[in-house]
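Colleague: next input, structure requested:
(one chain, ligands or ions: 2)
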Amino acid sequence: MARKIIIDTDPGQDDAAAIFLALASPETLSVLGITTVAGNVPLARTSENARIVCEWAGKPETRVFAGCDAPMQRALVTAEHVHGKTGLDGPANLPKPKIALQDQHGVDFIIDTLRAEPAGSVTLCTLGPLTNIGTAFAKAPEIIARVAEIVMMGGAYFEVGNITPAAEFNIYVDPEAADIVFKSGCKLTVMPLDVTHKALTSPARVAALRDLGTTAGIAMADMLDFFERFDVEKYGSAGAPLHDPCVIAYLLRPELFDGRHINVMIETKSELTLGMTVADFWGVTDRTPNALFMQDVDADGFFALLTERLARL
Ligand code: BDR
Ligand code: CA
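Modeller: Ligands and ions are numbered 1, 2, ... in the order given. I've put the predicted structure just below:
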């Protein structure tokens, strides 16, 4: 039976790759719904983008719920400098989505779904700031024990920060929400920058997606051509890091990833290191491990999976 997941996301070109990967894998993953959050771009845009991606995937039946439009306690920080004005810059024209947003708020969808489905049967896949999950846990704490697992893109240890010298974007935008999640006691698997900076695009990898000749493959290649320029210019890296699809790839092929079960805490007070994932990688404290913190990925295997699955859409 396919594993039930909710994708919580702020598309984002790399979020789009993750959504494609999940929607292309129905025998393994049943996407109960997509909840959107303000992050890379404001909520109205992420909610529109999620629906565009579902249409490109040829899955207009996918339900998309708009969630929180601002972090739990702070002003929103966005990342148009990475993702472009729309969040999905790259394709010449972004279509207007035909599918409608669901009426229900994303947070209430998360709460109601966790209450309705058997305990331990729903996995939360988070690809953006953790506002929706933190809010849901604060509003209905009894759902925490019903979550099967949270698999998240967020944080960094050896790679330190990409939005400040100390913090990764998803955690930095809503550190209070991240703090709730890391202290929740849920089974937690984390894809930090340490992993995602190893899942880099290359001309050959993008060409393989474009050569699929499908709407999804061509849109993905167009998005990656745009997305790549930021990391190549800023970090001198070989290509663009495909952060968010690491979450879905882990659910499909966990053997592609390697990491350690460690304690991770979130800095919520310091101005200098706000949003840092303080990862006890070397076990220098006696703090109880609360997360499987990934460190490595088989990048060739990851891109082969992405290309093979996108070919199905
Ligand atoms: C994360 O931030 C966003 O820019 C990406 O979509 C990814 O989720 C990487 O730091
Ligand atoms: Ca994202």
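Colleague: for this structure, what lies in contact range of ligand 2?
Modeller: For the chain, the contact set with ligand 2 under Cβ under 5 Å from the ion comprises Asp10, Gly12, Asp15, Leu127, Gly128, Asp244. Any C-beta I mention is one placed from the backbone N, CA and C, and that applies to glycine too.
Colleague: now those residues as JSON lines including neighbour count and secondary structure?
Modeller: Converted to JSON lines, the residues of the chain next to ligand 2 look like this (neighbours: other Cβ atoms under 10 Å; DSSP: H, G, I helix; E, B strand; the rest coil):
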{"residue": "Asp10", "neighbour count": "33", "secondary structure": "coil"}
{"residue": "Gly12", "neighbour count": "30", "secondary structure": "coil"}
{"residue": "Asp15", "neighbour count": "31", "secondary structure": "helix"}
{"residue": "Leu127", "neighbour count": "32", "secondary structure": "coil"}
{"residue": "Gly128", "neighbour count": "30", "secondary structure": "coil"}
{"residue": "Asp244", "neighbour count": "32", "secondary structure": "coil"}
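Colleague: identify the farthest-apart pair in those residues.
Modeller: Asp10 and Asp244 (9.2 Å; Cβ to Cβ).
Colleague: got any residues that touch both of those two?
Modeller: Common contacts of Asp10 and Asp244 (Cβ atoms under 8 Å, 6 or more residues apart in numbering): Leu127.
Colleague: quick one on the thing from earlier: go through the residues of the chain next to ligand 2 and name the one nearest ligand 1.
Modeller: Gly12 (3.7 Å; Cβ to the nearest ligand atom).
Colleague: tell me how far the helix or strand where Cys125 lies lies from the chain's centre.
Modeller: Secondary structure from DSSP states H and E places Cys125 in strand 122-126. Strand 122-126 sits 10 Å away from the centroid of its parent chain (Cα atoms, centre = their mean, to the nearest Å).
Colleague: with stretch 113-130 instead?
Modeller: For stretch 113-130, the distance to the chain centre is 14 Å (Cα atoms, centre = their mean).
Colleague: got phi/psi on Val278?
Modeller: phi -80, psi 100 (degrees, to the nearest 10).
Colleague: can you tell me the element the closest residue in space to it that isn't next to it in sequence falls in?
Modeller: Once flanking residues are discounted, Val278 sits nearest to Met265: 4.7 Å by Cβ to Cβ, 6 or more residues apart in numbering. Met265 is part of strand 264-266, with elements assigned from DSSP H and E.
Colleague: check Pro118 too.
Modeller: Pro118 belongs to no helix or strand, assigned by DSSP H and E.
Colleague: quick one, what contacts Gln73?
Modeller: Contacts of Gln73 (Cβ under 8 Å, 6+ apart): Glu176.
Colleague: now name the helix or strand holding it.
Modeller: Assigned by DSSP H and E, Gln73 falls outside every helix and strand.
Colleague: distance of it from ligand 2?
Modeller: Look at Gln73 and ligand 2: by Cβ to the ion, to the nearest Å, they are 20 Å apart.
Colleague: and Met294, what is it in contact with?
Modeller: So Met294 contacts Thr189, Val190, Met191, Pro192, Asp194, Val195, Cys246, Tyr250, Phe257, Asp258, Gly259 (Cβ under 8 Å, 6+ apart).
Colleague: buried only: go through these for me.
Modeller: Neighbour counting over those (16 or more other Cβ atoms under 10 Å) leaves Thr189, Val190, Met191, Pro192, Asp194, Val195, Cys246, Tyr250, Phe257, Gly259 as the buried ones.
Colleague: no further queries at this time; thank you.
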